[in-house]
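Chemist: okay, structure incoming, though there's no sequence with it:
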């Protein structure tokens, strides 16, 4: 199993970024997928989940209305569109295999992460 994130960077408050996660080594279309982030000095935080077909999504309250999770099963790729970014969105963003779980520790596979920094 391999999950490779890309698309992170530095952006000003109010800006946008789109993260991608290329998945391989498993049947991508058979798994719910999620994004988790970890801000400096804090524990990992669940951000969003999408079901296998892309018809159902969930978001943590702090990103609702600003972030959109999507997937392309033909390309084995997961996306996270981020708009109206805030400094508190600064974190290392991880693509993880799995759906809604009680704690992020239950995700079995994680990518290496992509850094998002929101700063003026």
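Modeler: Okay, I see it. Since the model is a prediction, treat every value here as computed from it, not as a measurement.

Chemist: tell me which element residue 23 is part of?
Modeler: Using DSSP states H and E, residue 23 sits within strand 17-24.

Chemist: for residue 93, which residues are in contact?
Modeler: By CB atoms under 8 Å, 6 or more residues apart in numbering, residue 93 lies in contact with 5, 8, 19, 35-37, 47, 80, 113-116. No exception for glycine: its C-beta is placed from N, CA and C like everyone else's.

Chemist: select only the buried ones of the residues you listed in PyMOL?
Modeler: A single PyMOL command selects the buried members of these (16 or more other CB atoms under 10 Å):
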select buried, resi 5+8+19+35+36+37+47+80+113+114+116
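
Chemist: got a list of contacts for stretch 32-40?
Modeler: Under CB under 8 Å, 6+ apart, the answer for stretch 32-40 is 19, 21, 23, 44-52, 69, 71, 78, 80, 88-100, 104, 107, 110, 113, 116.

Chemist: before we move on, the earlier item: does anything pack onto the strand holding residue 23? Which helices or strands?
Modeler: strand 2-6, strand 33-38, strand 77-82, strand 91-97, strand 114-118 (3 or more CB pairs under 8 Å, 6 or more residues apart in numbering; DSSP states H and E).

Chemist: what's the average pLDDT for that strand?
Modeler: Mean per-residue pLDDT for strand 17-24: 98.

Chemist: for that strand, buried residues please.
Modeler: Under the neighbour-count criterion of 16+ other CB under 10 Å, strand 17-24 has 17, 19-23 buried.

Chemist: correct me if wrong: residue 52 contacts residue 30.
Modeler: Yes: at 6.2 Å, residue 52 counts as touching residue 30 under the criterion of CB atoms under 8 Å.

Chemist: higher neighbour count, these two?
Modeler: residue 52 (16 against 8; other CB atoms under 10 Å).

Chemist: name the nearest residue to the residue with the largest distance to the centre of the chain, ignoring sequence neighbours.
Modeler: For the chain, the residue at maximal distance from the C-alpha centroid (CA atoms, centre = their mean) is residue 120, at 22.9 Å. Nearest non-adjacent residue to residue 120, counting by CB to CB, 6 or more residues apart in numbering: residue 12, 5.4 Å away.

Chemist: and the residue nearest to the spatial centre of the chain, how far is that from residue 13?
Modeler: Geometric centre of the chain, nearest residue: residue 35, 2.7 Å, by CA atoms, centre = their mean. Note on residue 35: its distance to residue 13, by CB to CB, to the nearest Å, is 20 Å.

Chemist: fine by me, we can end here.
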